[in-house]
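>>> pasting the sequence and the predicted model now:
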Amino acid sequence: MDKFTVSRTLDEISRYIQLSDPNPFKAKAFEKASRAVGDLEGDLESMVASGTIYDVDGIGKATGKIIEEIVNTGTSQYLEELRTQYPPGIFELLRVPKLGLKKIGQLHAELGIGSIDELEAAARDGRIAKMKGFGAKTAEHILKGVGFARMRESSFLLPVGIEVGELLRERLADFEEVEDAEVSGAVRRRLEVIHGVEIVVSTKKPAAVAEHLKELVADLEEIDAKTYKGQARTEMDVTFHLASPAEYGSMLLRTTGSAEFIEAFGDIAKAKTERDAFKAAGIPFVEPERRENADDLKVKKRPKLVEVAHLRGTFHVHTTFSDGRNTMAQMLTAAHERGWEYVGISDHSPIAFYANGLSEERLRQQHAEIAKQEKTVTPMRVFRGTEADILQNGTMDYGEKILSKFDFVIASVHSGFTMQKDEMTERILRAMDDPSVTFLGHLTGRRLLSREGYSVEYDRIFEKAGQRGVMIEINGNPQRLDLDWRHLQRALDRGVMFSINPDAHSISEYNAVITGTWVARKGGLGPAQIFNTKDVDEVAEWFAAKKKSGAAHG
Ligand SMILES: [Zn+2]
Ligand SMILES: [Zn+2]
């Protein structure tokens with residue numbers, strides 16, 4: 001029993017409790033335990049055997065007992081009981097925006113709703129509008145949300161696809177008949193939203209492998225002699241493509257896609273490796289991320305794409321001073337351990353009260369803390385920044401005097417998302433006129449699979465950013481990936497420089513620089529176009545020069 005399975009089981013218990021129990025503390029305890037188990041350093045089974053599991057922060061008496069039970073029996077009696085009280089599809093209702101577990105529990109208790117279809121029917125015939133605490137407006141919202149939920153069905157964020165794909169690949173490695181296996185399809189192309197996972201398997205014994213596959217995924221069906229399709233436990237479609245070692249490369253190329261790319265590619269010769277298949281066609285290798293369309297097949301000389309290893313540091317990092325979950329010391333140490341030359345700390349500005357934005361007084365405390373901690377992470381340099389709100393009228397939170405003291409300023413929109421396109425564009429344009437603004441943060445505010453971004457006139461913003469030397473962030477948070485890779489070239493053409501920023505609220509979220517780099521690669525960017533591939537001196541000089549020119553402007 002691995003810790004992730006246990007962690008997921010605890011999380012499931014927590015979700016069921018939230019459906020039925022208005023007291024939030026019980027559910028919170030399981031949520032905490034789930035996180036604690038997921039973060040465990042030691043071996044779970046031996047910790048259970050020795051009883052030290054109870055000493056772990058976040059694990060209490062009740063939750064510890066259940067962890068023991070799951071490790072020893074593979075399940076929890078308590079969870080089994082909870083499951084019998086609800087229809088199996090109850091959590092699919094979470095796909096409806098703004099419908100939380102508490103409301104879902106209420107809908108189930110009062111109207112017996114347990115699926116999206118039932119929800120839609122009740123929203124239409126007026127039953128939801130009559131419910132206490134819901135009303136006609138909510139019913140209308142729900143109906144709209146149902147449409148959205150249907151669209152999202154079987155859509156997943158890229159990291160989910162990677163997790164499922166890599167887990168299956170690891171398991172495949174256990175079978176001796178499997179010579180090699182690789183995730184292909186949209187996951188390999190690093191598309192931000194995917195609908196399934198494709199895995200190419202190299203084997204001389206397809207029949208034996210096909211038998212093994214049945215152990216790996218539920219509902220495996222044979223599509224044809226070599227393609228097996230099934231649903232993984234995450235309810236994600238998984239397709240296996242079995243190929244002989246002599247055709248492994250060509251199969252990898254074909255199933256990586258996209259359809260448009262493969263069509264433009266033309267005939268694919270049987271090949272052992274993918275590079276051989278490119279060679280046979282006389283086409284220079286195209287990185288998987290660049291295979292969304294046929295663009296790269298038309299150009300002979302292509303720039304080398306940026307890699308995570310090119311990044312020498314990063315910006316847009318939150319700490320517990322605002323809404324981060326790790327302290328300044330922890331965030332700096334983790335950045336230092338990544339071998340970065342520099343890191344830019346940027347907590348929220350005062351108007352972002354919901355995110356615990358920093359008043360002038362608390363900003364002083366934060367700077368004192370940086371001064372204290374930076375000595376422990378030398379020679380890494382710590383740049384003092386802020387993620388300051390662009391106010392509704394386009395001026396910047398904090399005001400000129402304070403802003404001019406930062407090394408860098410990330411300007412972000414966190415309010416008024418429903419603004420009209422031209423109004424929003426003017427708002428952002430005005431912010432860029434502020435000489436202290438260094439970066440534009442998450443340009444459209446989108447949340448993949450849950451919220452569309454606000455509309456802006458991209459070209460006007462790119463034009464201005466190029467003129468003013470304001471950099472545009474590629475926000476690597478897998479839910480944001482904002483700016484979208486589809487717009488990068490347009491911005492580049494207008495002289496815009498980019499920065500791959502994690503928007504990290506915890507140590508582990510520094511990993512968003514990896515997803516962010518994929519976005520840059522999909523957009524065809526090389527290291528020279530990414531600000532944080534510069535070394536620490538160049539970065540410091542750049543900030544100083546920007547401030548000077550700002551002072552001249554102002
Ligand atoms: Zn933000
Ligand atoms: Zn942020």
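Received it, and whenever you're ready, just let me know what you need. Numbering: from 1, shown residues only. Ligands and ions are numbered 1, 2, ... in the order given.

>>> neighbours of the closest residue to ligand 2 within the stretch 301-450 of the chain, how many?
Nearest residue of the stretch 301-450 of the chain to ligand 2 (Cβ to the ion) works out as E387 at 4.7 Å. All C-beta atoms are positioned from the backbone trio N, CA, C, and that covers glycine. Counted with other Cβ atoms under 10 Å, the neighbours of E387 add up to 29.

>>> what are the pairing partners of the host helix or strand of it, and which direction each?
E387 is located in strand 381-389, with elements delineated by DSSP states H and E. With DSSP bridges as the test, strand 381-389 is paired with strand 342-348 (parallel), strand 408-412 (parallel).

>>> check whether the last one contacts ligand 2.
This points to strand 408-412. No. Judged by Cβ under 5 Å from the ion, strand 408-412 makes no contact with ligand 2; its nearest approach is 6.6 Å.

>>> would you indicate which residues of the next helix or strand after that strand are buried?
Sequence order places helix 421-433 as the next helix or strand after strand 408-412, per DSSP H and E. For helix 421-433, burial by neighbour count (16 or more other Cβ atoms under 10 Å) applies to M424, T425, E426, R427, I428, L429, R430, A431, M432.

>>> wait, isn't the last one in contact with A465?
Going back to what we said before, that points to M432. Yes. The pair M432 / A465 is scored as a contact, 6.3 Å apart, by Cβ atoms under 8 Å.

>>> mutual contacts of the two, please.
Taking Cβ atoms under 8 Å, 6 or more residues apart in numbering as the criterion, M432 and A465 both touch L440.

>>> and the strands in the chain, which stretches?
Taking DSSP state E, the strands of the chain run over residues 156-157, 178-184, 193-194, 196-203, 218-222, 227-231, 237-243, 313-317, 342-348, 381-389, 408-412, 439-440, 471-475, 498-501.

>>> could I get the ones you listed as JSON lines with mean pLDDT?
Listed next are those as JSON lines, based on pLDDT from 0 to 100:
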{"stretch": "strand 156-157", "mean pLDDT": "92"}
{"stretch": "strand 178-184", "mean pLDDT": "97"}
{"stretch": "strand 193-194", "mean pLDDT": "94"}
{"stretch": "strand 196-203", "mean pLDDT": "95"}
{"stretch": "strand 218-222", "mean pLDDT": "75"}
{"stretch": "strand 227-231", "mean pLDDT": "75"}
{"stretch": "strand 237-243", "mean pLDDT": "91"}
{"stretch": "strand 313-317", "mean pLDDT": "98"}
{"stretch": "strand 342-348", "mean pLDDT": "98"}
{"stretch": "strand 381-389", "mean pLDDT": "98"}
{"stretch": "strand 408-412", "mean pLDDT": "98"}
{"stretch": "strand 439-440", "mean pLDDT": "98"}
{"stretch": "strand 471-475", "mean pLDDT": "98"}
{"stretch": "strand 498-501", "mean pLDDT": "98"}
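
>>> output the ones you listed as TSV; include the columns distance to T138.
Listed next are those as TSV, based on distance: least, Cβ to Cβ, whole Å:
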stretch	distance to T138
strand 156-157	27
strand 178-184	41
strand 193-194	27
strand 196-203	33
strand 218-222	36
strand 227-231	33
strand 237-243	33
strand 313-317	35
strand 342-348	30
strand 381-389	29
strand 408-412	30
strand 439-440	35
strand 471-475	31
strand 498-501	36
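
>>> and stretch 305-317, how far out from the chain's middle?
Mean-position distance between stretch 305-317 and its chain equals 16 Å (Cα atoms, centre = their mean, to the nearest Å).

>>> now stretch 176-196
Here the centre of stretch 176-196 is set off from its chain's centre by 18 Å, with Cα atoms, centre = their mean.

>>> hang on, the earlier thing: please identify which of the strands of the chain is closest to E81.
With Cβ to Cβ, the closest approach to E81 among the strands of the chain belongs to strand 218-222: 23.0 Å.

>>> so the spatially most central residue of the chain versus P379, what's the distance?
Nearest to the mean C-alpha position of the chain, by Cα atoms, centre = their mean, lies P478 at 1.6 Å. Computed as Cβ to Cβ, to the nearest Å, the P478 to P379 distance reads 31 Å.

>>> do the same with K522
Using Cβ to Cβ, K522 is found at 33 Å from P379.

>>> same check on D397?
33 Å.

>>> hmm, back to that, my guess is the residue nearest to the centre of the chain contacts F156. True?
No. Under the criterion of Cβ under 8 Å, P478 makes no contact with F156, lying 10.5 Å away.
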